[in-house]
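**Q** build me a model from this:
(2 chains)
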Protein chains: 2
Amino acid sequence: MNLTLFGVPNIPMVEPGDNLLDLIDAGLSSINESLQVDDVILLAQKIVSKAEDRYVDLNTVSPSADARSLALEVDKDPRKVQVILNESNEVVRKRPGVLIVEQNLGFVQANAGIDQSNINVEGVDGDDLLLLLPIDPDASAARLRRAVSAKYGIDVGVIINDSVGRAWRMGTVGLAIGVSGFTALEDYIGGTDLYGRELLVTQVAAADELAAAASLIMGQTTEKTPVVIARGYCPVEPEDAELQGVQPLLRPKQLDMFR
Amino acid sequence: MNLTLFGVPNIPMVEPGDNLLDLIDAGLSSINESLQVDDVILLAQKIVSKAEDRYVDLNTVSPSADARSLALEVDKDPRKVQVILNESNEVVRKRPGVLIVEQNLGFVQANAGIDQSNINVEGVDGDDLLLLLPIDPDASAARLRRAVSAKYGIDVGVIINDSVGRAWRMGTVGLAIGVSGFTALEDYIGGTDLYGRELLVTQVAAADELAAAASLIMGQTTEKTPVVIARGYCPVEPEDAELQGVQPLLRPKQLDMFR
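**A** Model prediction:
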């Protein structure tokens, strides 16, 4: 397999309501490229959130007593803590400067995946502005996939990725937070190895592996390339609805020894 | 950046003592390819371990009383548990069927990263055979890098990867366990975002992101492609010795909230 990943250049600052496919098309045209069958489009979470206007102005937030108390404990702005709690099912770890939660969608992330860098809204001080994850990133990915199909009559895969910290290892890696038209968790249970012995369980987080590669290309300090095209990995939408989207990548809490 | 990853085909079953660069060269020649300046060579841990003869025959292992007791607790072969303990600094989590340790090199992995699939040694029953991680994967990577430089006079990066399970998420992803000529952890501390606000901490696990991408290409059920070339990502060896190798990717235990 030859896998090529390239960034889509010339994506402008994304504004609420922007049509991401139009921006991707224009960016691809600028390098004489276009979407092809079986491409996988990888989008930085941040531009999806911006297009979906997931901004919160901290000046509109009134922290509860619980949020104030937790904010004192973790040394964070109580308004921001309130927003994190609103976006979360539960606090997983806390200590000064750190608040790791299970975000409403099931992702274990610092600060519920909320961004404060590289965002700007006219009339709001940047320090008072937060950007939440998309409400339903699988649905966001599916919408883009359907739009590509409607416009060009081709099937593509779509992955929305985010840069996330990890247990045990330093540094962030790109992870999939929204998936459509792509088997997020590839399952080799019941296969055999090269010597015919049964492989009891081998599940590969394929969407996370591709998200990681895309993240490397998107870079971190600029938003020049929030869209990456992966060409050469043939994406497949699972038939079983339970295997679709990002859900298969989330370890159920009762199976997780690290909560 | 255009990043292309391709598998090196026709790598034979690797035997102890094999010269991996010779095998890579032959595989590349078979598709009219050759190593280029700034390529990154990604190798599956398994072939490095095989070339370094990191096999253990369980028939030669006498489990201690501690290993027997732990084996009963986690429902594993006491001889295998003994080998895992030999390879580990400490047990991180245990329960029936699961033994997660800090491997001697600092990696938190199930079974100390020991393989039992896709290995074969003449005269030993496959079920009695284990394959350990390389003794010093950074040194293994550096040897290959020096060999490339000596043979072709070019600089490349080398990453040894392994497929590893994670907290919170299902499925394995490729991670770097040995690194040479490549900045494993890219550090953006002190940079600014697009709006000039200071980015306090952004560290990107670049070697893990590339290892993940390579793992996707290597596949899991066959060992047809245990070597992947990444072309288009310019690897840089850090000047500071403390930033070289895989060590910067390992979170010090005292900074890890998930031990």
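**Q** only C-alpha atoms from now on, for both contacts and neighbour counts.
**A** Noted.
**Q** domain assignment for chain A?
**A** A:4-53+A:133-255, A:55-131 (automatic domain parsing).
**Q** just send those back as a markdown table, with mean pLDDT and distance to chain B too.
**A** A markdown table is the format used below for these (pLDDT from 0 to 100; distance: least, Cα to the nearest Cα, whole Å):
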| stretch | mean pLDDT | distance to chain B |
| --- | --- | --- |
| domain A:4-53+A:133-255 | 92 | 4 |
| domain A:55-131 | 93 | 5 |
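**Q** in JSON lines, list these along with distance to residue B:14 and mean neighbour count.
**A** Shown next, in JSON lines, are these (distance: least, Cα to Cα, whole Å; neighbours: other Cα atoms under 10 Å in any protein chain shown):
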{"stretch": "domain A:4-53+A:133-255", "distance to residue B:14": "13", "mean neighbour count": "20"}
{"stretch": "domain A:55-131", "distance to residue B:14": "39", "mean neighbour count": "18"}
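**Q** export the ones you listed to a markdown table and tack on distance to residue B:127?
**A** Putting those into a markdown table (distance: least, Cα to Cα, whole Å) gives the following:
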| stretch | distance to residue B:127 |
| --- | --- |
| domain A:4-53+A:133-255 | 9 |
| domain A:55-131 | 37 |
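**Q** ok, and what's touching the longest helix seen in chain A?
**A** Using DSSP state H to define each element, chain A has its longest helix at helix A:137-152. Helix A:137-152 has contacts (Cα atoms under 8 Å, 6 or more residues apart in numbering or on different chains) with A:20-21, A:48, A:134, A:154-160, A:177-181, A:245-246.
**Q** likewise stretch A:232-251?
**A** When contacts are defined by Cα under 8 Å, 6+ apart, stretch A:232-251 is touched by residues A:1-4, A:38-40, A:106-107, A:138, A:156-157, A:176-185, A:205, B:167-171.
**Q** tell me which of the residues you listed fall in helices.
**A** residue A:138.
**Q** narrow the contacts of stretch A:232-251 to those in strands?
**A** A:2-4, A:40, A:157, A:176-180 (DSSP state E).
**Q** grab the nearest non-local neighbour of residue A:154.
**A** Closest residue to residue A:154 apart from its sequence neighbours, by Cα to Cα, 6 or more residues apart in numbering or on different chains: residue A:37 at 5.4 Å.
**Q** was I right about that neighbour contacting residue A:181?
**A** No - if you go by Cα atoms under 8 Å, residue A:37 and residue A:181 don't touch, sitting 11.8 Å apart.
**Q** give me the common contacts of those two.
**A** A:155-156.
**Q** which residues are in contact with residue A:204?
**A** So residue A:204 contacts A:185-187, B:171-173, B:220 (Cα under 8 Å, 6+ apart).
**Q** which residues in the stretch 51-200 of chain A form strands?
**A** Assigned by DSSP state E, counting those that start in this stretch, the strands in the stretch 51-200 of chain A fall at A:55-57, A:88-95, A:98-103, A:108-110, A:129-131, A:157-164, A:173-180, A:186-187.
**Q** bridging across strands, which residues link to residue A:230?
**A** Beta-bridge partners for residue A:230, by DSSP bridges, are residue A:5, residue A:40.
**Q** test my guess that it contacts residue A:8.
**A** No - at 10.6 Å, residue A:230 does not count as touching residue A:8 under the criterion of Cα under 8 Å.
**Q** contacting residues for the residue nearest to residue A:51 when sequence neighbours are not counted?
**A** Leaving aside its sequence neighbours, residue A:51 sits nearest to residue A:16 (Cα to Cα, 6+ apart; 4.2 Å). Shown in contact with residue A:16 (Cα under 8 Å, 6+ apart): A:50-53.
**Q** so residue A:16 sits in a helix?
**A** No - according to DSSP: H, G, I helix; E, B strand; the rest coil, residue A:16 belongs to no helix; its state is coil.
**Q** that one and residue B:235, how far apart?
**A** 37 Å (Cα to Cα, to the nearest Å).
**Q** got a list of what the residue lying closest to residue A:31 once chain neighbours are set aside touches?
**A** Nearest non-adjacent residue to residue A:31, counting by Cα to Cα, 6+ apart: residue A:9, 7.8 Å away. Applying Cα under 8 Å, 6+ apart to residue A:9 gives the contacts A:27-28, A:30-31, A:224-225.
**Q** and if we set it to 10 Å?
**A** A:23-24, A:26-31, A:224-228, B:1 (Cα atoms under 10 Å, 6 or more residues apart in numbering or on different chains).
**Q** where does it sit: helix, strand or coil?
**A** Of the three states, residue A:9 takes coil according to three-state DSSP.
**Q** ok, it to residue B:11 distance?
**A** Residue A:9 sits at a distance of 37 Å from residue B:11 (criterion: Cα to Cα).
**Q** again, but for residue A:124
**A** For residue A:124, the distance to residue B:11 equals 58 Å [Cα to Cα].
**Q** and the contacts of stretch A:25-36?
**A** Against stretch A:25-36 from outside (Cα under 10 Å, 6+ apart): A:7-12, A:20-24, A:41, A:148, A:152, A:154-156, A:225, A:227, A:229, A:231.
**Q** what do you get if the cut-off is 8 Å, keeping everything else the same?
**A** Stretch A:25-36 is contacted by residues A:8-11, A:154, A:156 when judged by Cα under 8 Å, 6+ apart.
**Q** return the alpha-carbon coordinates of that stretch using PDB.
**A** Taking C-alpha atoms only, stretch A:25-36 is exported to PDB below (Å, rounded to 0.1, in the frame of the first residue of the first chain):
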ATOM      1  CA  ASP A  25     -12.600  22.500  -2.900                       C
ATOM      2  CA  ALA A  26     -11.100  25.900  -3.300                       C
ATOM      3  CA  GLY A  27      -7.900  24.900  -1.500                       C
ATOM      4  CA  LEU A  28      -7.500  21.700  -3.600                       C
ATOM      5  CA  SER A  29      -8.200  23.700  -6.800                       C
ATOM      6  CA  SER A  30      -5.300  26.100  -5.900                       C
ATOM      7  CA  ILE A  31      -2.900  23.200  -6.300                       C
ATOM      8  CA  ASN A  32      -4.700  21.600  -9.200                       C
ATOM      9  CA  GLU A  33      -6.000  18.800  -7.100                       C
ATOM     10  CA  SER A  34      -9.500  17.400  -6.500                       C
ATOM     11  CA  LEU A  35     -11.100  14.800  -4.300                       C
ATOM     12  CA  GLN A  36     -10.900  11.300  -5.600                       C
END
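**Q** so how far is it from its chain's centroid?
**A** With Cα atoms, centre = their mean, to the nearest Å as the basis, stretch A:25-36 stands 23 Å off its chain's centre.
**Q** what of stretch A:61-79?
**A** With Cα atoms, centre = their mean as the basis, stretch A:61-79 stands 26 Å off its chain's centre.
**Q** quick one: residues in contact with that stretch.
**A** Contacting residues not belonging to stretch A:61-79 are listed as A:58, A:81-83, A:85, A:94-99 [Cα under 8 Å, 6+ apart].
**Q** kindly recompute the last result at 10 Å.
**A** By Cα under 10 Å, 6+ apart, stretch A:61-79 touches A:57-60, A:80-86, A:94-99, A:128.
**Q** what about the closest residue to residue A:129 other than its chain neighbours, distance to residue A:211?
**A** Spatial nearest neighbour of residue A:129, chain neighbours left out: residue A:57 (4.9 Å); criterion: Cα to Cα, 6+ apart. Between residue A:57 and residue A:211 the distance is 29 Å, computed by Cα to Cα.
**Q** just residue A:151 next, same as before
**A** Following Cα to Cα, the distance that separates residue A:151 from residue A:211 is 25 Å.
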